[in-house]
Each structure stands twice: as structure tokens, then as C-alpha cells.
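In: with the input below, show me the fold.
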Amino acid sequence: LFFGAWDDVMGSQLWVSDGTEDGTRIPTVIDPGGGTFYIEGGAILFPWGDQVVFSANDGVHGFEPWHSDGSEAGTVLLKDVHPDLPGSYAGEVVPWNGGLLFSADDGEHGQELWTTDGTPENTSLLVDINPGPDFGEPAYLTRLGNEVFFAAITSGNGSELFKTDGTAPGTVMVRDLVVGSGSSWPAHLVAAGTNLFFTAGVDLNDVELYRSDGTESGTFRVKDINPGPDGSGPSGLVALGDRVFFSADDGKHGREPWVSDGTADGTIMLADLVTGPGGSMTVYDRAVAAMPGGPVVFPAYTIDQGYELWATDGTPAGTRRITEIGPGILGCNPDRLKVIGSRLYFAAADSVAGLEPWALDLTDVDADGVLDIMDDCANTVAGAEVDPFGCPLPIPGDFDRDGDVGTDDLAAFVDCAAGPAAPLEAGCEAADLDGDADGDAADFARFQRCFSGDNLPATPGCAD
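Out: Numbers count the residues shown, from 1 in each chain. So this is what the prediction gives:
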């Protein structure tokens with residue numbers, strides 16, 4: 001785990017930790033004066049394989065791109081892109097073809113797109129998007145398939161959506177959403193499935209959700225969530241499988257959790273957690289995906305429990321509160337959510353310790369796609385079709401409701417079956433597979449069609 005931190009002795013430095021006190025250390029002192037990062041105790045670190053890339057100041061070169069593998073020898077300046085102070089202010093890093101794409105200002109071309117393979121000699125300007133010293137300001141670099149999408153500024157088109165294939169000729173504007181020198185200000189880019197989701201608007205007040213498949217015709221507004229001049233201001237976009245989770249304000253319910261599959265009809269509010277225009281979320285709330293494909297964990301406020309953690313599988317029924325850390329209406333104010341392995345780390349406050357780091361187990365033991373902390377049926381057979389609460393969908397013959405129709409279910413059927421027209425005993429209603437209130441050969445025929453064997457998922461429509 002890499003992070004930036006400040007102490008009274010070393011000031012602001014890069015730290016690395018293996019999760020133990022002895023294994024938490026400074027790999028190397030980048031700036032003996034303690035000014036490695038912009039702010040005390042903070043840094044923006046970009047993962048790159050088993051390393052991190054970051055902008056740091058060693059007191060000599062100004063803020064330049066560095067990378068670290070956690071060792072002293074492996075924490076090095078990538079390149080002095082801007083030889084004079086205050087440095088190139090490198091940022092917006094994305095891994096690309098074994099190397100990196102990033103933004104930097106060399107003092108001649110403004111903030112533009114650069115490429116590197118991790119060596120100084122092969123670190124160079126990729127393209128001067130806004131020619132001359134004016135900034136192109138590449139931002140929100142996001143990989144989708146074999147291309148990287150980003151927002152950038154040109155003097156003729158303003159701020160619009162761009163993409164690159166890693167070459168200068170292959171770096172192009174996707175669509176001029178606000179034709180001419182006006183700007184649509186693309187932001188919050190997220191890749192989900194085969195589409196890119198982002199926010200944009202005809203002006204900064206009318207921001208809505210957009211999507212792109214990388215073509216001009218395939219780049220458009222998904223839905224006018226808040227019709228009129230104000231926009232819904234989507235924020236906190238996170239991929240949820242091939243959909244996107246976000247918060248938005250439709251002008252009626254306040255800022256609440258939403259999900260979109262890229263179509264207007266498939267863009268819905270997940271829950272009105274605070275009834276009326278108040279809203280349960282803010283533009284600053286950030287969600288995280290608990291695992292690839294979901295669910296998404298996010299902070300939200302309710303009148304009864306205050307700010308706590310919630311999770312969603314992208315359906316209204318599957319949107320549930322998962323913590324109750326803070327006392328009563330105060331909540332715990334969860335913040336700085338980060339998933340590492342099968343744990344969610346976050347800052348939260350309770351009535352005893354105050355604001356401290358917390359960890360939440362995100363395991364899914366029965367591999368049904370529902371986290372154990374949300375799972376009402378923890379022993380479901382892997383691969384079974386489940387509802388938002390982790391319970392198998394009703395299957396004819398599944399007496400123990402574990403998702404298979406196996407030997408235990410066969411024994412239960414035999415114990416319950418009483419023959420044609422014979423009434424079933426209390427608790428044996430599941431043996432009536434054909435709806436005629438008995439358990440006979442006709443029911444057993446349906447049972448046989450559904451029999452999957454132990455620990456093998458059965459199909460809900462197997463008896464049809």
C-alpha cells in the first residue's frame with residue numbers, strides 16, 4: 001500500500017506499508033525539506049503494475065513525474081520534463097501498452113499528452129493538442145478497449161471529448177458537442193462494458209450524463225434527468241458491470257443514487273433515501289466497486305441513521321444499508337473509500353474512538369455475486385440464480401432453498417409424497433410441483449426434470 005503522509009520530522013513524503021507497523025516506512029526521502037507533495041499528508045498516486053506513479057518535488061527539479069516499487073533504489077525520477085522550476089506538474093496517468101500516458105507541461109507546449117515506457121530516454125511529448133504554449137489540459141484519461149479517452153481543450157473547439165490510440169495521428173476529437181469554440185466540459189470519464197460514460201453539458205450549469213462508443217454518432221446525451229437549464233449534475237461515476245452508478249439531482253428528489261445502462265429507459269433512480277427535494281448524497285460523495293462487476297458501495301444519508309455505507313447491485317431492491325457504525329442519527333460519515341483485495345478501507349467516526357480508519361469484509365463465500373454482508377442466504381450453491389438478497393430464485397423441488405435439487409431434496413420429497421389426491425402434511429407443500437395439492441407420480445416426474453445433483457445449480461424453469 002502506497003500513500004502520502006506528513007509527520008513532524010520528515011514533513012510530506014511517500015510512504016509504503018504491508019499492513020504492519022514495522023512494515024510501514026518511507027522508501028526514500030525525496031525532498032529532505034519535507035515538501036515532496038503539494039499538501040501535508042496528501043498525494044495523488046496512480047497504480048502501474050506493482051509500482052505507483054506520482055508527481056513529486058525533490059527540492060531541485062520542481063514537481064516532476066516519479067515512480068516507485070516501494071524500495072529505495074526503485075523510487076526514482078522518471079524524467080525532468082520541465083528543466084526549470086516549478087516543474088512540469090505531471091499528472092493524469094493511465095497505463096498504456098506496458099508504459100504510460102500522462103499529462104505534463106515542458107514549458108514550451110503547455111500541459112499536453114506525453115508517453116513513456118518508464119525510461120527517461122523514451123519519455124516524450126505524444127501530441128501538442130492545443131498548438132503552441134497554450135494548454136491542451138488532457139484530463140480524466142480513461143482506457144476503453146484499445147484506446148484512451150480524455151477531455152482536452154483546443155482554441156477552435158473549447159473543451160471536448162478526445163481519444164488516442166497512442167500515436168499522434170490517432171489522437172482525435174470524438175465529437176464537438178458544443179459546436180464551435182464553446183465547451184461541453186467532459187468530466188468524470190468511466191469505462192463500463194463497451195461504452196464510455198461521462199458528464200457534459202451545453203454550459204457548466206446544464207450538466208447531464210453522456211455516453212460514447214468512440215464514434216461521433218455514438219456520442220450523445222443519455223437522458224435529460226433534470227429538464228431545463230440547471231441539469232442533474234451527475235457525480236461519483238463508477239462502473240457497475242456494463243452499467244454506471246452515479247448520484248444525480250432530478251430537480252424533484254434531491255441528489256440520490258442512480259444507475260444507467262446507456263439508454264434513457266435504463267437510466268433510473270435507485271432509491272429516494274431522503275423523501276422530497278433534500279437528497280441523501282452530495283457531489284463530493286464517492287462510490288467504489290466492491291468487486292469487478294459490482295456491487296457498488298457508497299456513502300448516503302438518511303434521517304434516521306445519518307451518513308452510513310450503502311451498497312447496490314444496480315436494482316432498487318438490491319440497494320441496502322450495510323453499516324450502522326455511528327450512533328443514531330449522527331451516522332459515521334464514511335469517507336475515502338478504497339478497496340484492496342477483499343476489504344474496503346475507509347475513514348469513519350463512532351461514539352467511542354472518533355474518526356479512525358475502518359475495514360469492511362467484502363467476501364462472497366458462496367460466489368453468488370452478493371456480498372456476505374448483504375446475503376440473507378449464505379449457503380447458496382455457486383452459480384445459482386439469486387435475488388438481490390442472495391437467496392436462490394424459487395426452483396421446483398429445492399426443499400432446502402440452496403439453489404440445487406439434490407439428494408437432500410430427494411429425501412425430503414420421498415418423506416412428503418403421499419400419493420394421488422392424498423393431502424400433504426404441514427411443511428410438505430413444496431412436494432406439490434404441479435399445483436393439485438398432492439405429492440404423487442406427476443409431481444415426481446417434474447422433480448426428476450429439475451434434479452441437478454448436489455452442489456450443481458438448478459434452473460428456475462426446469463419443471464416446465
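In: from here on, just use CA atoms for contacts and neighbour counts.
Out: OK.
In: what stretches of the protein score poorly on pLDDT?
Out: Across the chain, the ranges flagged by pLDDT under 70 are 38-43.
In: which stretches of the protein form helices?
Out: Per DSSP state H, the chain carries helices over the ranges 407-416, 441-450.
In: now render the ones you listed as CSV, adding distance to Ser12 and mean neighbour count.
Out: Shown next, in CSV, are the helices of the chain (distance: least, CA to CA, whole Å; neighbours: other CA atoms under 10 Å):
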stretch, distance to Ser12, mean neighbour count
helix 407-416, 62, 17
helix 441-450, 63, 18
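In: what would those look like in a markdown table with distance to Glu356?
Out: Output for the helices of the chain, formatted as a markdown table (distance: least, CA to CA, whole Å):
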| stretch | distance to Glu356 |
| --- | --- |
| helix 407-416 | 47 |
| helix 441-450 | 51 |
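In: and these: which comes nearest Gly166?
Out: Smallest distance to Gly166 across those (CA to CA): 52.6 Å, for helix 441-450.
In: and that closest one, what does it pack against?
Out: If you count contacts as 3 or more CA pairs under 8 Å, 6 or more residues apart in numbering; DSSP states H and E, helix 441-450 packs onto no helix or strand.
In: convert it to CSV, retaining C-alpha atoms only.
Out: Provided in CSV are the C-alpha atoms of helix 441-450 (Å, rounded to 0.1, in the frame of the first residue of the first chain):
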residue,chain,number,x,y,z
ALA,A,441,-46.0,-39.6,-9.6
ALA,A,442,-46.8,-36.5,-11.6
ASP,A,443,-45.0,-34.3,-9.1
PHE,A,444,-42.1,-36.7,-9.1
ALA,A,445,-41.8,-36.5,-12.9
ARG,A,446,-41.4,-32.8,-12.5
PHE,A,447,-38.9,-33.3,-9.7
GLN,A,448,-36.8,-35.5,-11.9
ARG,A,449,-36.7,-32.9,-14.6
CYS,A,450,-35.3,-30.4,-12.1
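In: closest one to Phe63 among the helices of the chain?
Out: helix 441-450 (65.1 Å).
In: the inter-axis angle of the closest one versus helix 407-416?
Out: 180 degrees (axes from the mean of the first three to the mean of the last three CA atoms, to 10 degrees).
In: can you pull out the strands in the stretch 201-350 of the chain?
Out: 207-212, 219-223, 235-240, 243-249, 255-260, 267-269, 288-289, 296-302, 306-312, 319-321, 335-340, 343-350 (DSSP state E, counting those that start in this stretch).
In: deepest-packed of the ones you listed, please.
Out: Mean neighbours per residue, mean count of other CA atoms under 10 Å, is largest over the strands of the stretch 201-350 of the chain for strand 243-249, with a mean of 28.
In: on that earlier part again, nearest to Tyr89, of the helices of the chain?
Out: When those are compared (using CA to CA), the closest one is helix 441-450, at 62.9 Å.
In: gap between that closest one and the chain center?
Out: Distance, stretch centre to chain centre, for helix 441-450: 44 Å (CA atoms, centre = their mean, to the nearest Å).
In: pull the residues that contact it.
Out: 395-397, 405, 419-420, 431-434, 458-459, 462-464 (CA atoms under 8 Å, 6 or more residues apart in numbering).
In: and which of those is nearest to Glu137?
Out: Nearest member of the contacts of helix 441-450 to Glu137, counting by CA to CA, is Thr459, at 52.4 Å.
In: what about the closest one, neighbour count?
Out: 21 (other CA atoms under 10 Å).
In: same check, this time on Asp22
Out: By other CA under 10 Å, neighbour count at Asp22 equals 8.
In: what sits against it?
Out: Applying CA under 8 Å, 6+ apart, no residues contact Asp22.
In: residue contacts, Val127?
Out: Glu112, Leu113, Trp114, Thr167, Ala168, Thr171.
In: gap between the last one and Gly91?
Out: Computed with CA to CA, to the nearest Å, the distance linking Thr171 and Gly91 is 18 Å.
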